[in-house]
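J.: what shape does this take:
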Amino acid sequence: MSKKVTMSVIGLIISSLVNAQDTPQSHNHLHEIERVRVTGSPMALKVEETAIAASILSGKSKLWHHSLSLGDSIAHMVGVDTVSTGGQAGKPVIRGLTGNRVRVLQDSVPQDFQQFGIRHAPTVDPVNAYRIDVVRGPMSVIFGSDAMGGVVNVISAQVPLYSESMLSSALLSFKYGTNNDQLGTSLHAEGGKAQWGWASSYHREKADNFETPSADINSTSVSSLPRFSGEIPFTNFDIESISLASGFVSDAFDWTVRYTDFSNGQNFLQPNNVPTGQHLDNKNVLSDMALHLSDQWNVHFILNWQKNERAAGTGISFEKLSNANSDLDIELVRTQSKLVFEHDYSTAWKGQFGAEYIYKDQTTNVGTLVPDASVDYIALYAYEKFENDFLIAELGVRWDKIVLEPQNESQQWVDNFDRRVWRALTGSMSLSWKLSDNWLFIQRIGRGFRAPSIFDLYAGGVHGGVAAYQTGNSELVEEYSFNKEVGLNYISQNIQASITFYQNKFQDYIYQADTGTTHQPSGLPLFEMRQGDAQIEGVEIGANFKITQHIDWEFNANIINSELASVGTELPLMPANSFYQRINYSFGELSLFSDINLVIEHEYKNNKSIAGKFEPFAQYDFLPFGTASTEQYHLINLGASTQLQINKHPVTLSVKVNNVTDEAYRDFLDTYKGYALGMGRNIQLSL
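T.: Okay, here's the model as predicted:
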């Protein structure tokens, strides 16, 4: 692989001088964070004022954790992990749940991206986001089915209002990674006049194949040696995204319209050294109008249109993929209408209630993995917050009706074309007791709900992305969960710390299992959908310390256990226990440089064994190469950043070295663990 570091960096520096602007600054303390509308809460709050388990990634912290992978961007947070496939594809995992149990939102609107697939990463761009919110625990009461594990909200930059210029600011940024020649370019511009404003963002990022530390490769007997080492073929990608928004504000109403488009051409390496090429495209149009009825009442009319397209071909790279040679082509169109009433009666009572209707129309143009089908959602909900000198309480209730129906009787692999209807009542209660000025005692309970998906019920074909033949189960019933947790938070000027114990019990948990047989004539492992009662419980510990004026230390630890009662083992694809810490040293100013920071980061994952031979990817524990069970590992990352003025333009420079020691490792939730190591040393240069 060629390494054009010098020329690339020179090009980046020259280009950055054209136009640069300071990025939003993060806050060092929770008590300094401005009031924002935390995802999952119905009003603007400080993070410590909400009784839900929420975390926010923004400002400097977001720049440090810059990643195309949404899962990787937030995997450092307490209670969060990622299912990864290369450097660009990562699905968020919250308390052991992912896929159809974690709702990914774009600007607070739920997204559908065929999330049933283990390797199907969200089709949103975390790099273009202004902020990313994460809520741990059931949020079905706000976001309905598929939010029983939590929510990840990718939030775009707000439209500026009362701007002094039609072009009030512009930010041009670049990033280069040495491991896979990853080059990214981003441009954000905004402006407006009086009550009207606009904002736009563009992002393009390309990369070649990534490299792992050198290692011996497969043997003739059962072994954990990787099948591939060094440069890993067919792991390149080309991602592009755009966001356009316009807004208007007045005493009577506010109105924002936003368009986003995310496209991704990527290759996945298969264990037999062939690619699965993919073309992914996700378009969104969002309209949010808020009428100000009075000082206490607002009404939101929200309309959203989403079109998600996925085309893939095994044995074909994405560069050569076309309509003529793809073996899978799925198109999904989703429309949502939502009416929300917000009230602010007093400093004690605030909340919202509303209704929404969602219609999804899915068409499979090529392949038999999932059939044509439609899904209708109707929901009513209410969510209230009460606060006094002793208590913060958040209470919610929701009613859902979901209707799913296969549409094309010529798709003969579908064994049941009956119309399915589910009705569910869910609720949640979060209590935060103010024991003193610094101590909060937290209690939360929540009932989650998930209806079986089109894939769960009717899958019936080859899934090239995971090299398996997958079948659904039309007899599946809806899944419920009941989550209980208690916690203790400490908040002061220099310390923010928390410990949380949680237990989530599932009735009829739906999971994918390897049957241990081979499908013919494909010759691939045969997977099927099953369900049974299950339980997940764990402990989350997190803290931020202002040790001195210049030194900040943050860390978190996660311990998780699970049980699949019907089998007597753990649940499949649970994350390993983990520990994360980060130390930041701030120098202040030095000559022309200001805001100088040095960072050291340490990641630890414990060893982890498969739940059993039924777990996806378990076969690699019994082959001459690869592994499904993984050993513990430590990763060290180093970085530095600063700011200087060039031609009166502020320029932020940063360098980050991931995996400084070039550690050979495999993460348990890395889907390449069966035949390749994790990414080796990577030097990232940003400005």
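
J.: quick check: the closest residue to R101 other than its chain neighbours vs L97, distance?
T.: Nearest residue to R101, sequence neighbours excluded (Cβ to Cβ, 6 or more residues apart in numbering): G149, at 4.0 Å. For the C-beta atoms, the positions are set from N, CA and C on the backbone; glycine is no exception. Distance from G149 to L97, counting by Cβ to Cβ, to the nearest Å: 3 Å.

J.: quick one: contacts for the residue nearest to R101?
T.: By Cβ atoms under 8 Å, 6 or more residues apart in numbering, the contact list for G149 reads 94-98, 101-102, 137-138, 448.

J.: of the residues you listed, which one scores lowest on pLDDT?
T.: Among these, P138 carries the weakest pLDDT, at 83.

J.: what's the following helix or strand after the host helix or strand of G461?
T.: Counting by DSSP states H and E, the element that carries G461 is strand 460-463. Next along the chain after strand 460-463, taking DSSP H and E as the criterion, comes strand 468-471.

J.: other SSEs contacting that following strand?
T.: strand 460-463, strand 525-546 (3 or more Cβ pairs under 8 Å, 6 or more residues apart in numbering; DSSP states H and E).

J.: and the regular element (helix or strand) spanning L395, what's buried?
T.: Assigned by DSSP H and E, L395 belongs to strand 391-406. Across strand 391-406, burial judged by 16 or more other Cβ atoms under 10 Å covers 392-400, 402-404, 406.

J.: what of stretch 674-687?
T.: The neighbour-count check on stretch 674-687 (16+ other Cβ under 10 Å) flags 674-682, 684-687 as buried.

J.: re the thing from before, turn the helices and strands packed on strand 468-471 into TSV, columns for distance to D670.
T.: Converted to TSV, these look like this (distance: least, Cβ to Cβ, whole Å):
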stretch	distance to D670
strand 460-463	18
strand 525-546	19
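
J.: check those for me: which has the lowest mean pLDDT.
T.: strand 460-463 (a mean of 90).

J.: and for that one, what's in contact with it?
T.: Under the contact criterion Cβ under 8 Å, 6+ apart, strand 460-463 has outside partners 117, 314, 327-328, 367-371, 413-414, 468-472, 522, 524.

J.: change it to 10 Å
T.: 116-120, 276, 312, 314, 327-328, 364, 367-371, 411-415, 455, 468-472, 519, 522, 524, 527 (Cβ atoms under 10 Å, 6 or more residues apart in numbering).

J.: joint contacts of G149 and L97?
T.: By Cβ under 10 Å, 6+ apart, G149 and L97 have these common neighbours: 136-138, 448, 450, 481, 504, 536.

J.: which residues touch the closest residue in space to D389 that isn't next to it in sequence?
T.: Take D389 and drop its neighbours on the chain: the residue closest to it by Cβ to Cβ, 6+ apart is K434, 6.9 Å away. By Cβ under 10 Å, 6+ apart, the contact list for K434 reads 387-392, 440-441.

J.: what's the closest of those to H550?
T.: L440 (28.5 Å; Cβ to Cβ).

J.: what are the buried residues along the helix or strand where the closest one lies?
T.: Secondary structure assigned from DSSP H and E places L440 in strand 439-450. For strand 439-450, a neighbour-count test (16+ other Cβ under 10 Å) marks 440, 442, 444-450 as buried.

J.: on that earlier part again, now the helices and strands packed on strand 468-471 as JSON lines including distance to L425 and mean neighbour count?
T.: Formatted as JSON lines, the helices and strands packed on strand 468-471 follow (distance: least, Cβ to Cβ, whole Å; neighbours: other Cβ atoms under 10 Å):
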{"stretch": "strand 460-463", "distance to L425": "32", "mean neighbour count": "21"}
{"stretch": "strand 525-546", "distance to L425": "20", "mean neighbour count": "19"}
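
J.: the closest residue to V539 other than its chain neighbours and G538, how far apart?
T.: Nearest non-adjacent residue to V539, counting by Cβ to Cβ, 6+ apart: I559, 4.6 Å away. Note on I559: its distance to G538, by Cβ to Cβ, is 6 Å.

J.: check F262 too.
T.: In terms of Cβ to Cβ, F262 sits 32 Å off from G538.

J.: sorry, back to before: may I have the strands that pair with the strand holding L395, each with its orientation?
T.: Strand pairing for strand 391-406, determined by DSSP bridges: strand 373-387 (antiparallel), strand 420-434 (antiparallel).
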